[in-house]
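predicted model and sequence below, questions to follow.
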Amino acid sequence: MPRELGQCPKCDVLMDTMRMLGVDFENCPSCNGVWLDHGELETLTRSRGGQALHVELKSNKRTNCMCPKCRPAAVLFESVHNLQEDFTLDVCGTCQGIWFDRGEFPSLLQNRKHP
């Protein structure tokens, strides 16, 4: 079954589907942000060896961005997390998908020295 493409929560452009390590995810061709559905981050990091990376959200601040999967029913929340990266994540409170702004997702995969 083809994956339903969403619109970028930041620039409203229709996103492309990308594949990495057997996981399909969305990428914005305009701003280069990445959308991962719930569970895809864990699957991708487990595929890279070792334990799956688990994100624990510590606080949420509502944004004006709509979830690309749930729109227009849900907005994203900017969230502080347990990871050692120096950026916040945008997370949908409904489907638990995660938005990574340009460069954040590759940085997370490169700096995979997490507890």
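Received the coordinates, thanks.

mind checking what helix or strand follows the lowest-mean-pLDDT helix or strand in the chain in sequence?
Using mean pLDDT, DSSP states H and E, the weakest-scoring helix or strand in the chain turns out to be strand 75-81, at a mean of 72. Tracing the chain past strand 75-81, the next element assigned as helix or strand by DSSP states H and E is strand 89-92.

which other helices and strands contact that following strand?
strand 57-66, strand 75-81, strand 98-100 (3 or more C-beta pairs under 8 Å, 6 or more residues apart in numbering; DSSP states H and E). Where you see a C-beta, it was placed from the backbone N, CA and C, and this is true even at glycine.

could I get those as TSV with distance to residue 87?
Output for those, formatted as TSV (distance: least, C-beta to C-beta, whole Å):
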stretch	distance to residue 87
strand 57-66	13
strand 75-81	9
strand 98-100	8
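
quickly compare these and say which is most buried.
Per residue and on average, the most neighbours among those fall to strand 98-100, with a mean of 24 (mean count of other C-beta atoms under 10 Å).

what helix or strand is residue 41 located in?
helix 40-47.

next, the buried residues of that helix.
40, 41, 43, 44, 45 (16 or more other C-beta atoms under 10 Å).

contacts only, for the third one.
Residue 43 sits next to 21, 23, 52 when contact means C-beta atoms under 8 Å, 6 or more residues apart in numbering.

so the spatially closest residue to residue 77 that is not a sequence neighbour bridges to which residues?
In this structure, residue 77 finds its nearest non-sequential neighbour in residue 60, 3.9 Å apart by C-beta to C-beta, 6 or more residues apart in numbering. For residue 60, the beta-bridge partners under DSSP bridges are residue 79.

start at 10, not 1
With the count now opening at 10, the last piece we talked about shows up as residue 69.

could you check how far residue 69 is from residue 112?
Computed as C-beta to C-beta, to the nearest Å, the residue 69 to residue 112 distance reads 22 Å.

so residue 86 versus residue 16, what's the distance?
Applying C-beta to C-beta, the value for residue 86 to residue 16 is 18 Å.

same question for residue 68.
Distance of residue 68 to residue 16, computed by C-beta to C-beta: 27 Å.

kindly report the same for residue 65.
Computed as C-beta to C-beta, the residue 65 to residue 16 distance reads 28 Å.
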